[in-house]
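Enquirer: sequence and computational prediction follow.
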Amino acid sequence: MADAGMLRFHVPEPEVRPGGTPDFSDVTIPKAGSVPRPEIDVDPRTIRDLAFSIIRVLNRAGEAVGPWAGLLSDEELLEGLRHMVTLRSFDARMQMAQRQGKTSFYMQHLGEEAVSCAFRKALAPGDMNFPTYRQAGLLIADGYPMVTMMNQIYSNEADPLKGRQLPIMYSSKEHGFFSISGNLATQYIQAVGWAMASAISNDQKIAAAWIGDGSTAESDFHSALVFASTYKAPVVLNVVNNQWAISTFQGIARGGSGTFAARGLGFGIPSLRVDGNDYLAVHAVAKWAAERARNNLGPTLVEYVTYRVGAHSSSDDPSAYRPKAESDAWPLGDPIVRLKNHLIQRGVWSDERHAQAEAEILDTVISAQREAERHGTLHAGGKPSARDMFEGVYAEMPPHLRRQRQQAGV
Ligand SMILES: Cc1ncc(C[n+]2csc(CCOP(=O)(O)OP(=O)(O)O)c2C)c(N)n1
Ligand SMILES: [Mg+2]
């Protein structure tokens with residue numbers, strides 16, 4: 001009905017605030033195995049529903065069911081579990097190191113481990129990720145040394161980035177991990193541009209763009225989708241919807257689109273939603289999207305539905321903006337517990353072996369930490385040389401920088 005009264009300004013509000021009872025009744029969860037798996041060359045117009053559903057493989061009994069199941073062997077799943085436990089353990093130690101003043105800043109992945117760990121296994125050597133700060137699992141699952149990550153976090157003398165990047169903003173060309181940019185959403189246009197270049201040079205490498213729910217509100221996200229769809233860039237466009245953008249709930253950036261995946265539909269991009277806490281589902285969908293890219297079928301947009309259990313960063317306190325127990329109410333569970341239960345159900349794992357593996361992994365993380373700390377931490381021990389800040393940018397140093405370097409005596 002027409003309402004010609006006073007205009008009202010609309011601001012979306014989360015269902016609950018601190019002190020309230022967590023409520024995810026608006027998150028519709030389809031049964032595991034119920035969403036079809038189309039051919040990779042499907043006409044995007046025929047799979048619009050997939051942008052509004054959630055692809056799931058693991059059911060409540062821990063079984064892998066439906067058309068997206070069956071891609072990974074016992075060994076591959078056990079390895080995936082080890083990667084996720086390693087990332088969680090690494091996070092806990094580094095979070096503690098931040099509280100001890102050994103680094104200025106840290107960001108955890110708690111609850112989101114499956115997304116980056118499983119995605120990495122769907123790529124081929126030479127493919128390039130353009131990650132945000134919450135995809136360290138891409139490095140862990142690719143065997144990047146934890147000591148090197150810690151050296152970067154401590155900005156110590158062995159930091160490969162020589163103290164120039166904020167802690168956790170890693171970079172490794174060899175491991176397909178493009179330097180993280182703190183300016184959010186730049187990853188999207190960079191990834192699409194890199195993918196276009198790969199196609200222009202008739203290469204075989206594909207790119208993966210990463211963004212959080214909140215950052216999709218940036219214009220870079222939309223520009224990237226224009227270029228990706230027009231030029232059928234060989235890129236997987238990942239949106240990690242962890243429900244929060246610091247203190248802003250996902251309804252703000254999502255606006256009226258219903259889901260983040262639905263954003264891709266207006267560009268004619270096949271767009272899927274997947275259970276981000278289901279290692280098998282994440283891997284299967286990532287593989288589908290990567291195959292499309294590699295077969296000149298163009299971009300795919302994937303929304304990972306997950307929940308950020310921890311604080312946004314070591315500088316954040318979520319109790320100021322959401323109920324304390326909200327993460328316990330999250331209906332998609334914990335990615336590590338779910339994969340563990342699946343492996344037990346397959347008969348290749350047990351609670352005892354899991355506890356033992358957790359203890360062994362913690363030992364490995366602690367010894368990596370000891371080794372990194374021998375090279376220094378934020379306030380103690382070895383540091384990068386002050387000379388380093390003058391190097392690596394200009395092929396020929398401009399006179400004013402040369403003068404400054406002389407003044408600094410380095
Ligand atoms: C262009 C830009 N705007 C704002 C910020 C400040 N900022 C850092 S993280 C963040 C929230 C991002 O949330 P989301 O995209 O959902 O990612 P998440 O942290 O949940 O993984 C904001 C606003 C920034 N770094 N860059
Ligand atoms: Mg977010």
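Expert: It's in. Values in this document were obtained by computation on a predicted structure and should not be read as measured data. Numbering: from 1, shown residues only. Ligands and ions are numbered 1, 2, ... in the order given.

Enquirer: quick one: R308 from G212, how far?
Expert: 9 Å (Cβ to Cβ, to the nearest Å). Yep, even glycine has a C-beta here, placed from its N, CA and C like the rest.

Enquirer: so which residue of this protein comes closest to ligand 2?
Expert: G212 (3.8 Å; Cβ to the ion).

Enquirer: show the pLDDT at that residue.
Expert: At G212 the predicted local distance difference test score is 98.

Enquirer: cool, and T86?
Expert: Value listed for T86 in the pLDDT field: 99.

Enquirer: now do A281
Expert: 99.

Enquirer: OK, now which residue of the stretch 1-150 of the chain is nearest to ligand 1?
Expert: R134 (4.3 Å; Cβ to the nearest ligand atom).

Enquirer: all helices for this protein, in order.
Expert: 74-99, 113-120, 137-140, 146-154, 186-200, 219-230, 250-254, 279-294, 326-329, 335-345, 351-373, 399-408 (DSSP state H).

Enquirer: G101 touches S314, doesn't it?
Expert: No - with contact defined as Cβ atoms under 8 Å, G101 does not reach S314; the gap is 11.2 Å.

Enquirer: okay, those two: which has more neighbours?
Expert: Between G101 and S314, counted using other Cβ atoms under 10 Å, the more crowded position is S314 (19 against 11).

Enquirer: next to ligand 1, which bits of the stretch 251-400 of the chain? Give me the list.
Expert: 308, 312 (Cβ under 6 Å from any ligand atom).

Enquirer: and the gap between the spatially most central residue of the chain and L123?
Expert: Nearest residue to the geometric centre of the chain (Cα atoms, centre = their mean): Q135, 3.6 Å. Between Q135 and L123 the computed distance is 12 Å (Cβ to Cβ).

Enquirer: E352 too?
Expert: 33 Å.

Enquirer: okay, these two: which has more neighbours?
Expert: L123 (24 against 8).

Enquirer: may I have the phi/psi pair for the more buried one?
Expert: Per-residue torsions, L123: phi -100, psi 170 (degrees, to the nearest 10).

Enquirer: let me see the contact set for the closest residue to G258 other than its chain neighbours.
Expert: Nearest residue to G258 in three dimensions, chain neighbours excluded: F52, at 6.3 Å (Cβ to Cβ, 6 or more residues apart in numbering). By Cβ atoms under 8 Å, 6 or more residues apart in numbering, the residues touching F52 are 258-259, 261-262, 273.

Enquirer: okay, and which of these map to strands?
Expert: R273 (DSSP state E).

Enquirer: so which of the contacts of F52 would you say is closest to L184?
Expert: Among the contacts of F52, A261 lies closest to L184 (Cβ to Cβ), at 19.1 Å.

Enquirer: hmm, G276 and that closest one touching each other?
Expert: No - counting by Cβ under 8 Å, A261 stays clear of G276, with 11.9 Å between them.

Enquirer: picking that back up, list phi and psi for the residue nearest to G258.
Expert: Torsion angles, degrees, to the nearest 10, at F52: phi -120, psi 0.

Enquirer: now it: how far from V274?
Expert: From F52 over to V274 (counting by Cβ to Cβ), the distance is 12 Å.

Enquirer: show me what the closest residue to ligand 1 within the stretch 151-300 of the chain is bridged to.
Expert: At 2.2 Å from ligand 1, G212 is the closest residue in the stretch 151-300 of the chain, using Cβ to the nearest ligand atom. Assessed by DSSP bridges, G212 has beta-bridge partners V240.

Enquirer: hang on, the earlier thing: shared neighbours of Q135 and L123, anything?
Expert: By Cβ under 8 Å, 6+ apart, the residues touching both Q135 and L123 are N129.

Enquirer: just give me the neighbour total for P270.
Expert: Neighbours around P270, by other Cβ under 10 Å: 28.

Enquirer: ignore what I typed, I meant E396.
Expert: Residues lying near E396 (other Cβ under 10 Å) number 6.

Enquirer: quick one: contacts for it?
Expert: E396 touches nothing, counting by Cβ under 8 Å, 6+ apart.

Enquirer: now do it, the pLDDT please.
Expert: 95.

Enquirer: I'd like the distance between it and ligand 1.
Expert: 32 Å (Cβ to the nearest ligand atom, to the nearest Å).
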